[in-house]
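Asker: Just to be clear, the model below is a prediction. Sequence and coordinates:
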Amino acid sequence: MCAPRHLWLLAFGGLAFAGACGGFNNGPLEEGTVRGRLVGAEAGVAKVNVFGLPSMRAVVSADGRFELHDVPATSLELFMVASRTRAARAKVVAQGARITDLGDIVAPEGAFITVRMRDSGGGVPKEGEVEVEGAAFDDLRMDTSTGEVRVGPLPEGCYTLEVKADKLDEVEEEVCVGVGEELVRDIVLSGDDDDGGD
C-alpha cells in the first residue's frame, strides 16, 4: 500500500533535482529584443552592435530599422553607424522576454581618427591594421603608400585603438573624441625585426 506514496516522492524528488541542476530553462526570461530605426541610414554602411560585444550585431534594413535579439537583460550601450559621416551611441536597459523599442534615432556628426603608423626607424610598415575595441570596426587596413588608417565615423566617447603591423609589437591607445572631431594619432610600433638596431 506504500508504493503510490513512494512513486509520488520519487516524482517530486526528480522535479526538485531538475530545478536545482538547471533543468528548467529560464533563458528567454533573461534575454530580450532591442529595436529601433536609424534615421538617414546608408545602405551597406549602417551597422549596429552592442558596445563591448561586437559579435552581437544587427542587420540594418534599407529604411534604417534594426532588431537585436537575445540581448542580455541588463544595462548596456549600443554602438551605431548610420552613414559614412554620422554615428551614435545609446544607453538602453534591455528587458527579459520583452521588446525594448528605441524609436527613431538621429545620429549626430561622427568623429574621425587618422592613425599614422611608423616603425621605430620612421618607416612605413609593410602591412598594418587598426581595430576599435568593442565596436563594429575591425581589421581596418592601412594604406601602404601613406601608413595611414582613417577610423570612423565614431560617436562621441572614448575608445581603445588596437594598432597592429607586420612583425611589430601591437600597440593599444586610448582616444576620446567629440562630435564631428577630427584627430590625428602618430603610432610608433617597435619589434625585434626593426632595422633601426642594425
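Answerer: Cool, got the structure.
Asker: for the chain, what spans make up the strands?
Answerer: 31-38, 47-50, 53-58, 65-72, 75-81, 87-93, 99-105, 111-119, 128-132, 140-141, 148-154, 157-165, 171-177, 182-189 (DSSP state E).
Asker: Can you tell me which of those has the worst average pLDDT?
Answerer: When the strands of the chain are compared by mean pLDDT, strand 53-58 comes last with a mean of 90.
Asker: I'd like the strands of the chain written out as JSON lines, with mean neighbour count added.
Answerer: (C-beta placed from N, C-alpha, C; glycine too.) What follows is these, written out as JSON lines (neighbours: other Cβ atoms under 10 Å):
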{"stretch": "strand 31-38", "mean neighbour count": "20"}
{"stretch": "strand 47-50", "mean neighbour count": "23"}
{"stretch": "strand 53-58", "mean neighbour count": "16"}
{"stretch": "strand 65-72", "mean neighbour count": "17"}
{"stretch": "strand 75-81", "mean neighbour count": "21"}
{"stretch": "strand 87-93", "mean neighbour count": "17"}
{"stretch": "strand 99-105", "mean neighbour count": "13"}
{"stretch": "strand 111-119", "mean neighbour count": "21"}
{"stretch": "strand 128-132", "mean neighbour count": "22"}
{"stretch": "strand 140-141", "mean neighbour count": "14"}
{"stretch": "strand 148-154", "mean neighbour count": "20"}
{"stretch": "strand 157-165", "mean neighbour count": "18"}
{"stretch": "strand 171-177", "mean neighbour count": "14"}
{"stretch": "strand 182-189", "mean neighbour count": "14"}
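Asker: Return the residues in contact with the closest residue to Val171 other than its chain neighbours.
Answerer: Distances taken as Cβ to Cβ, 6 or more residues apart in numbering place Val163 nearest to Val171, at 4.6 Å, with adjacent residues excluded. Remark: with contacts taken as Cβ atoms under 8 Å, 6 or more residues apart in numbering, Val163 is in contact with 115, 117, 128-130, 170-173, 187, 189.
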